[in-house]
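Asks: Build me a model from this:
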Amino acid sequence: MSALITTANSPKALISTRSLGRMGIEVSTADKKKYALSSLSRYSKNFYLYPSPKDAPLDFIRSLVMLVKKHKHDVLMPVHSEDTYLIAKYKSRLDPFIKLPLHDYSSIMAVNNKGSLMQVANSLGIPIPNTYYIEDLSMLHQIADKIEFPAVIKLRETSSSIGLSYVNSKEELISKYKETVLMYGLSPSGYPLIQEYVVGDGYGVSVLFNQGDLRAKFTHKRLREYPISGGPSTYRISVKEPKMEDIATRLLEYFNWHGVAMVEFKMGNNNKPVLMEVNPRFWGSLNQAIQSGVDFPYLLYKMALEGDIEPVLDYTAGIKTKNILIDNIAMLNYIKKTKDIRLLKEFFSLPYNDDVFSLADFCPVLGFIQTGVGELFYRKYKK
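Replies: Residues are numbered from 1 along each chain as shown. Alright, predicted model coming up:
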């Protein structure tokens, strides 16, 4: 039993490597960068270098095809958007040599595109934010007169908080929107969405589907995120939200989904979930699901290898996890914003159920700290 995990330098890859390794699966990791985070894990038996998926996509695919032909692995598991979407696009070139538990490329991109996703959700009667689609910049003034502020500008295809802007006036909306179009070189068909700002707590419903049939589910609530204006979660708790899970299931059944995904929601005081987006790949809070009893990397691997698995639809609520290094930065920002100094006591609490920290697999921890410190100095130098 063996697996190849790409984008090894991401925490998601490290979490997946540990998950499979603990189950006795021989794991190989690969990345564009030497000494990638997961390659330092005791569970990574082999490591391979490949060209950058972003800078040289065809070279990346050619290298990956040669790799899976030469080094036999049972399952290929991409974990990040950069590799997942590209591998899905050229899936037919890899299929003869390795099992790939991914949906088809067109469906993945339809789900990843927030514009088309919102239109599908609306047609299914799923609550979404008030959404405005711009086809011509001349429409901006007309729409700016209609909407309530604050509002959100979102790129149609992006991950984390890239290209996300919050605006508080008509003038700011017009200015920031045009700036975003120029910054990302967008054509009219790819112009950003404008959405109402939804007040509420953030939730994620993580799922695994086998050709349209639900095989695993898990829900968490965000307790902190970074950037605090709207970014990946740094501290969360497992919860049960059947209404939200039913909506996520219905939405992905529409796409006859295959593989993993996370459906993001906001929920305010009215207790009604509002769809925000879908991540058609592994997600940053993957460790949260594993610690709560839903081991998505292992379940995905087993499903790919055996064809199907027994559904895993229950888990432990109340489990908390964090990425302590990034969460400490988030805490400082929350303290600055809320003036709540009680949060300071968390600086002195030992890490528990941490995404990266592990005494049993400590080398990646050192690598993560070194990378984090390096990025902080780099940002300071740039400023």
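Asks: Three-state assignment for the residue nearest the centre of the chain, please.
Replies: For the chain, the residue nearest the mean C-alpha position is Trp283 (3.2 Å; CA atoms, centre = their mean). When classified by DSSP: H, G, I helix; E, B strand; the rest coil, Trp283 comes out as coil.
Asks: Hmm, it is touching Leu208, no?
Replies: No: applying CB atoms under 8 Å, one finds Trp283 not in contact with Leu208, separated by 12.0 Å. Any C-beta I mention is one placed from the backbone N, CA and C, and that applies to glycine too.
Asks: re the thing from before, where does the closest residue in space to the residue nearest to the centre of the chain that isn't next to it in sequence sit, in terms of helix or strand?
Replies: Of all residues not flanking Trp283 in the chain, Met262 sits nearest, at 4.1 Å (CB to CB, 6 or more residues apart in numbering). Assigned by DSSP states H and E, Met262 falls within strand 259-267.
Asks: CA atoms only for that strand, dumped as CSV, please.
Replies: Presented in CSV, the C-alpha positions along strand 259-267 are these (Å, rounded to 0.1, in the frame of the first residue of the first chain):
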residue,chain,number,x,y,z
GLY,A,259,-13.7,13.1,-3.8
VAL,A,260,-13.3,15.6,-1.0
ALA,A,261,-14.6,19.2,-0.7
MET,A,262,-15.4,21.7,2.0
VAL,A,263,-18.5,23.9,1.8
GLU,A,264,-18.2,27.2,3.7
PHE,A,265,-21.1,29.0,5.4
LYS,A,266,-21.8,32.0,7.5
MET,A,267,-24.6,31.8,10.2
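Asks: what's around Ile335, how many residues?
Replies: 15 (other CB atoms under 10 Å).
Asks: should've said Pro129
Replies: Using other CB under 10 Å, Pro129 is surrounded by 19 other residues.
Asks: if I read this right, it contacts Pro273, doesn't it?
Replies: No: the pair Pro129 / Pro273 is not scored as a contact, 11.8 Å apart, by CB under 8 Å.
Asks: Any idea how far the helix or strand Ser92 falls within is from the middle of the chain?
Replies: If you go by DSSP H and E, Ser92 is part of helix 91-94. The chain centroid and the centroid of helix 91-94 are separated by 23 Å, computed with CA atoms, centre = their mean, to the nearest Å.
Asks: that's a strand at Gln288, yeah?
Replies: No: using three-state DSSP, the assignment for Gln288 is helix, not a strand.
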